[in-house]
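Participant: Predicted model and sequence follow; I will ask about them next.
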Amino acid sequence: MGVDEQRTISRRGFLSSAAAGSAAIYLSACGGSSKTSSSASGGSSGGGGKVTLNNLFQQQAGYSASDLQGMTKAFERQNPNIKVNNTLVAYEALHDKIVAAAPAGTYDVVLGDCIWPAEFGSKGIVQDLTSKVQQLPVNQIFPGAIQMALYQGKYYGMPWILDTKYLYSNKAMLAKAGKTTADLKTLTGMVSTLEALKSHGVLKYPFMGSWKQAEAVVCDYATLVGAFGGKFLDAAGKPAFNTGGGVQALEFMKMLLDKGLANPSSTTAAEEDVLKAFAAQQVAVNWNWTFQLAGASDPTKSKVAKADVTIQHTPKGSAPVAPGVNGGQPVMITAGSQHPEEAWEYIKFITSQPTQNGYVADSLPIWSSSYSEASVVKTAGPQLVSVAKTQLPDMILRPQVTNYNAASQELQVQIQRALLGKTSPQSALNTAAGAFNA
């Protein structure tokens, strides 16, 4: 997104060494990829007609560096005529590197974000992969996953990293306030639980949000927009978040601060900071990405007993469902790639069900049937899998607009102004809507 301290930075960092150490290295010959055309040539460094793919990924999100390395080695064994070089950069550098390098073909495969297909597709930065994607069993992929690569009916990539925000709580702290996780199934119940935690002296500020002026706050806001039945855009593609559920979502965030239920430091915190606070038992309830489950459960990093770390579906508001925010990331082929067929073979391989099923320690598969497979449940953990099966099928996607980065930055600024009491939620969102109209 080219925005300071983006949401995915926090998925790895607090426990990067622990996560990498626990990652399952699955190097067997996974299925899902056919041999690439032997006619490919040019731009290779290995000689003898060997093709080299130069790809761009990010360091922090979803799969660890060792996961990516394992997938790549397995692919190269199945495709000996293809050499793969992967470059990993910080998330905040990813967007601009793709935009700058795509026309020249510096990279073949790039890791995008679910908020970039509109920009990248409309500007010809990445290739239209619709005909290729439609040859795959897309009906077996979670709807919330496949939509991350879709813009105006065309696929500009394949979903690879799948994530959403869940509700986390400290079960022992809830018990001290006479509450259980059942009390957190609705936003009303969550507020009463936070009030009980505060009144019983368990914590002065029982909740903490990832509400710094960054993409993190948009993700938390999106979670609430969905819970209140709001939409970012209407059927005509015009901003709609400054009405109805969108306004209620920001008012809810401000209310948590005004009542002293949310820690004031929420307005300077990203998801990584929230995890650290939860692990230090300074927070009893919060929502965060999947990475918090492993982080908060690690006895070398967390003061919370593993048995007291709970993860559950985000609370329902006034809407009949409570969709989590879509935090997925697709892999794409740049417009300037000299080896698009080989690049597609690589994408098919790393997004295939057999490959993804072997790497569930850090990121869950995009394939719905994977969640019933014993090996996946055992490695990822039954607690996470059972919740993910309910949260992942229905996710709210942040607005697919061609100027998302600039529009999001304005939304971040206006949300922050409302949270700090510099303007009303309604006024803030009205101003932000103008950026999405630009």
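Facilitator: In hand now; what should we look at?

Participant: where does the protein dip in pLDDT?
Facilitator: 1-48, 61, 438 (pLDDT under 70).

Participant: Look up how far residue 358 lies from the residue nearest to the spatial centre of it.
Facilitator: For the chain, the residue nearest the mean C-alpha position is residue 327 (2.3 Å; Cα atoms, centre = their mean). Look at residue 327 and residue 358: by Cβ to Cβ, to the nearest Å, they are 22 Å apart. Glycine gets a C-beta too; all of them are placed from N, C-alpha and C.

Participant: and what of residue 229?
Facilitator: Distance from residue 229 to residue 358, by Cβ to Cβ: 38 Å.

Participant: quick one: which of the two has more around it?
Facilitator: The neighbour comparison of residue 229 against residue 358 (other Cβ atoms under 10 Å) goes to residue 358, with 22 against 18.

Participant: The nearest residue to residue 204 once chain neighbours are set aside: helix or strand, and which one exactly?
Facilitator: In space, and not counting its chain neighbours, residue 204 is closest to residue 198: 6.9 Å by Cβ to Cβ, 6 or more residues apart in numbering. Taking DSSP states H and E as the definition, residue 198 sits inside helix 187-199.

Participant: Which is the succeeding secondary structure element to that helix?
Facilitator: Criterion used, DSSP H and E; the element after helix 187-199 is helix 215-227.

Participant: got the angle for that next one vs helix 187-199?
Facilitator: On the basis of axes from the mean of the first three to the mean of the last three Cα atoms, to 10 degrees, helix 215-227 is oriented at 120 degrees to helix 187-199.

Participant: same for the helix or strand that comes right after helix 215-227, what does it pack against?
Facilitator: The first helix or strand that comes after helix 215-227 along the chain, using DSSP H and E, is helix 244-258. Under the contact criterion of 3 or more Cβ pairs under 8 Å, 6 or more residues apart in numbering; DSSP states H and E, helix 244-258 touches helix 187-199, helix 215-227, helix 404-419, helix 425-437.

Participant: Would you mind finding the most buried of these?
Facilitator: Mean neighbours per residue, mean count of other Cβ atoms under 10 Å, is largest over the helices and strands packed on helix 244-258 for helix 215-227, with a mean of 27.

Participant: Can you show me the CA trace of that helix as PDB?
Facilitator: Extracted C-alpha coordinates of helix 215-227, given in PDB (Å, rounded to 0.1, in the frame of the first residue of the first chain):
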ATOM      1  CA  GLU A 215      -3.800   0.800   7.000                       C
ATOM      2  CA  ALA A 216      -4.200  -1.000  10.400                       C
ATOM      3  CA  VAL A 217      -7.000   1.400  11.400                       C
ATOM      4  CA  VAL A 218      -8.800   0.900   8.100                       C
ATOM      5  CA  CYS A 219      -8.800  -2.800   8.700                       C
ATOM      6  CA  ASP A 220     -10.200  -2.500  12.200                       C
ATOM      7  CA  TYR A 221     -12.800   0.000  10.900                       C
ATOM      8  CA  ALA A 222     -13.700  -2.400   8.100                       C
ATOM      9  CA  THR A 223     -14.400  -5.200  10.600                       C
ATOM     10  CA  LEU A 224     -17.000  -2.900  12.300                       C
ATOM     11  CA  VAL A 225     -18.400  -1.600   9.000                       C
ATOM     12  CA  GLY A 226     -19.300  -5.200   8.200                       C
ATOM     13  CA  ALA A 227     -20.700  -5.900  11.700                       C
END
